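Engineer: mind folding the following:
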Amino acid sequence: MAAHEEDPNRPDPHQDPMHPGDPLTSDAQLEKRVADTHGLPGDEMTALERMEAEIEPLVENVSPDLAPAVEEFMAETALANEAESAAVADDSQFSGTAGLEGASFATAEVGPYISFQHVCKSFGDFVVLKDVSFFVNPGETLCILGRSGVGKSVSLQIIMGFLKPDSGTVLVAGQEIAGLTEREMQQVRQKVTMVFQSGALFDSITVGENVAFPLRERGDMREDQILLVVRGLLEMVGVAGMEDHLPSDLSTGMKRSVAIARALAAQPSAVLYDEPTTMVDPLMGNLLCELIQRLKTQLHLTSIVVTHDMRFAEKLADRVVFLHEGRARFFGTMEEMRASDDPILCEFLAMDELVLPGRPMPEAPVEKAL
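Structural biologist: Okay, the predicted model is just below:
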């Protein structure tokens, strides 16, 4: 071959090797893409490689051909959430049972990521929430505990804007949501997603199309990129190869996993989980618990988990709020909960056979298997 002739088989350094014919995504282009999506300043992109390294354990079970696409996609989420968490100050003044009355919250860019302030909600004559207050800081997990019918799931629906409180204030990322229009609430739901107890998947489309729905709504990804991310997310949550199945083909636990994958496809800052371990076997419950914890840690996700499973709460929660007869009977850390001598709380813990002070937790089935 003459010296001036180029080898036609030599890779073009200006082309994306994963997508021949497409320009290679430069650092500047990737910086702009993430900044446009999440409102990040350009200098945050210097942390992208570090973030990709941090989330490698999250994608360790993903096939090598899918891992790069999922890793980059998840790194964008984690980087945006880390920046947002750093911008929000920790408001630790509102903790413990004694702090429930008259507590004050910081607003705007400081304070909790999600907060309830003296929220009341009734359905006709039936009062569900009575002057309920709690918060969750950026990157933390709050577990909402209580018996059936005390307003746990109603609280999540109020945060999502599906229900309006009768009174009180609900803040999401410093923004009061009560007076927002539906279009404005849609913008909030781009940051805060919910995993319903039923999964709430679209029954008439495939699992893959369910997970792809938020990606296609974005409008800035090619179809081949979407398919890679969808397959990778499904592998990451433990339901590999199910993209062509309908939701009706799945077990309850698998539907929950798919719902988590769909939530992650929206690249959220916060995820709300409604009874994620209800009606699933102990092994699946432990796998879901481990997944939620890893997502929180490695994606810097803010999480609120409604659960009746105290072993689950013990593993996940930075703080817990215990609802009883429509009121927040307790709000604080797990350590404060263990030390409480409130008779109602102690009765609830005893009914669930929670580990009380000085009593070790029983091993979970998945831990025994390992």
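
Engineer: show me the strands in the stretch 201-350 of the chain, by range?
Structural biologist: For the stretch 201-350 of the chain, applying DSSP state E, counting those that start in this stretch gives strands covering 270-274, 302-306, 319-324, 327-332.

Engineer: measure how the third one sits relative to strand 327-332, angle-wise.
Structural biologist: By that I understand strand 319-324. Put simply, strand 319-324 runs at 160 degrees to strand 327-332, going by axes from the mean of the first three to the mean of the last three Cα atoms, to 10 degrees.

Engineer: who is the residue positioned nearest the centre of the chain paired with across the strands?
Structural biologist: Note on the chain: the residue nearest the mean C-alpha position is residue 271, at 2.7 Å, using Cα atoms, centre = their mean. Counting by DSSP bridges, residue 271 is bridged to residue 193, residue 303.

Engineer: residues touching it, list them.
Structural biologist: By Cβ atoms under 8 Å, 6 or more residues apart in numbering, the residues touching residue 271 are 192, 193, 194, 195, 260, 263, 295, 301, 302, 303, 304. Where you see a C-beta, it was placed from the backbone N, CA and C, and this is true even at glycine.

Engineer: return the most buried member of the strands of the stretch 201-350 of the chain.
Structural biologist: Comparing these by mean neighbour count (mean count of other Cβ atoms under 10 Å), strand 302-306 ranks first with a mean of 26.

Engineer: and that one, what does it pack onto?
Structural biologist: On a contact count with 3 or more Cβ pairs under 8 Å, 6 or more residues apart in numbering; DSSP states H and E, strand 302-306 meets strand 126-136, strand 141-145, helix 152-159, strand 270-274, helix 282-299, helix 310-316.

Engineer: just want the angle from the second one to strand 319-324.
Structural biologist: This points to strand 141-145. Put simply, strand 141-145 runs at 20 degrees to strand 319-324, going by the same axes, to 10 degrees.

Engineer: quick one: strands adjacent to strand 141-145?
Structural biologist: If you go by DSSP bridges, strand 141-145 pairs up with strand 302-306 (parallel), strand 319-324 (parallel).

Engineer: show me the contact partners of it.
Structural biologist: The contact list for strand 141-145 (Cβ under 8 Å, 6+ apart) reads 134-136, 152, 155-156, 292-293, 296, 302-308, 310, 312-313, 316-323, 348.

Engineer: and if we set it to 6 Å?
Structural biologist: 136, 152, 296, 303-307, 313, 316-322 (Cβ atoms under 6 Å, 6 or more residues apart in numbering).

Engineer: returning to what we had before: I'd like the strands of the stretch 201-350 of the chain as TSV, with distance to residue 57 appended.
Structural biologist: What follows is the strands of the stretch 201-350 of the chain, written out as TSV (distance: least, Cβ to Cβ, whole Å):
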stretch	distance to residue 57
strand 270-274	19
strand 302-306	18
strand 319-324	25
strand 327-332	30
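
Engineer: just send those strands back as CSV, with distance to residue 235 and mean pLDDT too.
Structural biologist: Shown next, in CSV, are the strands of the stretch 201-350 of the chain (distance: least, Cβ to Cβ, whole Å; pLDDT from 0 to 100):
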stretch, distance to residue 235, mean pLDDT
strand 270-274, 19, 96
strand 302-306, 22, 96
strand 319-324, 32, 96
strand 327-332, 38, 96
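
Engineer: can you pull the poorly scored residue ranges out of the stretch 251-370 of the chain?
Structural biologist: Along the stretch 251-370 of the chain, segments meeting pLDDT under 70 span 352-370.

Engineer: re earlier: now render the contacts of residue 271 as TSV, adding distance to residue 287.
Structural biologist: Listed next are the contacts of residue 271 as TSV, based on distance: Cβ to Cβ, whole Å:
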residue	distance to residue 287
192	24
193	20
194	20
195	14
260	11
263	16
295	13
301	17
302	22
303	16
304	20
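
Engineer: and which of these is nearest to residue 283?
Structural biologist: Lowest distance from residue 283 to these (Cβ to Cβ) belongs to residue 260, with 16.5 Å.

Engineer: give me every residue that touches that closest one.
Structural biologist: 195, 237.

Engineer: give me the neighbour count for residue 280.
Structural biologist: Neighbour count for residue 280, taken as other Cβ atoms under 10 Å: 20.

Engineer: quick one: contacts for residue 172?
Structural biologist: When contacts are counted by Cβ under 6 Å, 6+ apart, residue 172 touches 114, 188.

Engineer: re the thing from before, rebuild the strands paired with strand 141-145 as TSV, extending it with distance to residue 279.
Structural biologist: TSV is the format used below for the strands paired with strand 141-145 (distance: least, Cβ to Cβ, whole Å):
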stretch	distance to residue 279
strand 302-306	14
strand 319-324	21
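
Engineer: and the residue nearest to residue 280 when sequence neighbours are not counted, how far from residue 276?
Structural biologist: Excluding its sequence neighbours, the residue lying closest to residue 280 (Cβ to Cβ, 6 or more residues apart in numbering) is residue 253, at 4.1 Å. According to Cβ to Cβ, to the nearest Å, residue 253 stands 9 Å off from residue 276.

Engineer: quick one, which of the two is more surrounded?
Structural biologist: More crowded of residue 253 and residue 276, by other Cβ under 10 Å: residue 276, with 26 against 21.

Engineer: make sure residue 65 is indeed in a helix.
Structural biologist: No - if the criterion is DSSP: H, G, I helix; E, B strand; the rest coil, then residue 65 is coil and not within a helix.
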